[in-house]
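A.B. asks: give me a 3D structure for the following:
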Amino acid sequence: DLHDGVIQSLAGINLQLENLRVQAASLYPQNEDPLVRIQQSVQREIVALRDFTQQLRSYDVDSGNFLGFLSGLAVKFQVEHGIATRFVPEIESIELQPNVCGELARIVLEALINVRKHSQASEVLIRLGYRNGDMVISVLDNGLGFGFTGHRTHDELLASGAGPAVIMERARSIRAKVSIESVEGSGTCLEISLPRK
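C.D. replies: Numbers count the residues shown, from 1 in each chain. This is a model prediction of the structure:
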């Protein structure tokens, strides 16, 4: 509730800045209005605070509602950020401990936040299925790529320090592995592999 109040306050300040900017439009050349820069800063802080509060939020996710959670997350992400997002489950149900479901939910959320912040993607696909006995969640985007072209395994990402730190740490806590397939300028596929017990 505290964070929601701060976000509402920042949104109110942003509206006031918009009113001032419109009133002062004739005073400054088009690209030199200081109110535009201030308003952009406030907008960035609103988005950053929303991301932070989502990361802190405790999700009540278990095997029974995990697929529905990912489906809803995809819809919400598309509505809030204008990036076409789909969730495609290749399985009908899962059997995982609630703490594992919660960590996987946060990993997917963090992956989507990274897509929004860094990729300039227009489309995202979240897939969930099984491969070689492991449950695999994939987050694919058509953005800029991860700064390299090729495939990096979990161990390679750890050794290079180039992996997404929050996702790597959350994956470690549930004995999952992270891998990234990247084509620079064309997109990224981040995969989380969780061994079946």
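
A.B. asks: for His151, which non-adjacent residue is spatially closest?
C.D. replies: Glu181 (5.0 Å; CB to CB, 6 or more residues apart in numbering). (Each C-beta comes from the backbone N, C-alpha and C, glycine too.)

A.B. asks: I'd like the next helix or strand past the helix or strand containing the one you found.
C.D. replies: Assigned by DSSP states H and E, Glu181 belongs to strand 177-183. Going down the chain from strand 177-183, the next helix or strand is strand 187-195, by DSSP H and E.

A.B. asks: what's the angle from the helix or strand where Ile126 lies to strand 187-195?
C.D. replies: Assigned by DSSP H and E, Ile126 falls within strand 123-131. Put simply, strand 123-131 runs at 30 degrees to strand 187-195, going by axes from the mean of the first three to the mean of the last three CA atoms, to 10 degrees.

A.B. asks: pLDDT averaged over strand 123-131 - what is it?
C.D. replies: The predicted model assigns strand 123-131 a mean pLDDT of 97.

A.B. asks: quick check: the gap between the residue nearest to His151 and Leu128.
C.D. replies: Using CB to CB, to the nearest Å, Glu181 is found at 17 Å from Leu128.

A.B. asks: so which of those two has more stuff around it?
C.D. replies: Here Glu181 and Leu128 are compared on neighbour count by other CB atoms under 10 Å; more neighbours surround Leu128, at 20 against 17.

A.B. asks: buried residues in stretch 74-83?
C.D. replies: Within stretch 74-83, the residues scored as buried using 16 or more other CB atoms under 10 Å are 74, 77-78, 81, 83.

A.B. asks: related to what we said a few turns ago, the strand holding Glu181 pairs with which strands, parallel or anti?
C.D. replies: strand 150-152 (antiparallel), strand 187-195 (antiparallel) (DSSP bridges).

A.B. asks: now distance to Ile94 and mean pLDDT too, for those strands, in JSON lines please.
C.D. replies: Listed next are the strands paired with strand 177-183 as JSON lines, based on distance: least, CB to CB, whole Å; pLDDT from 0 to 100:
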{"stretch": "strand 150-152", "distance to Ile94": "26", "mean pLDDT": "95"}
{"stretch": "strand 187-195", "distance to Ile94": "10", "mean pLDDT": "96"}
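
A.B. asks: which one of those lies closest to Val115?
C.D. replies: strand 187-195 (8.0 Å; CB to CB).

A.B. asks: buried residues in the closest one?
C.D. replies: Buried, per 16+ other CB under 10 Å, within strand 187-195: 187-194.

A.B. asks: cool, thanks, talk later.
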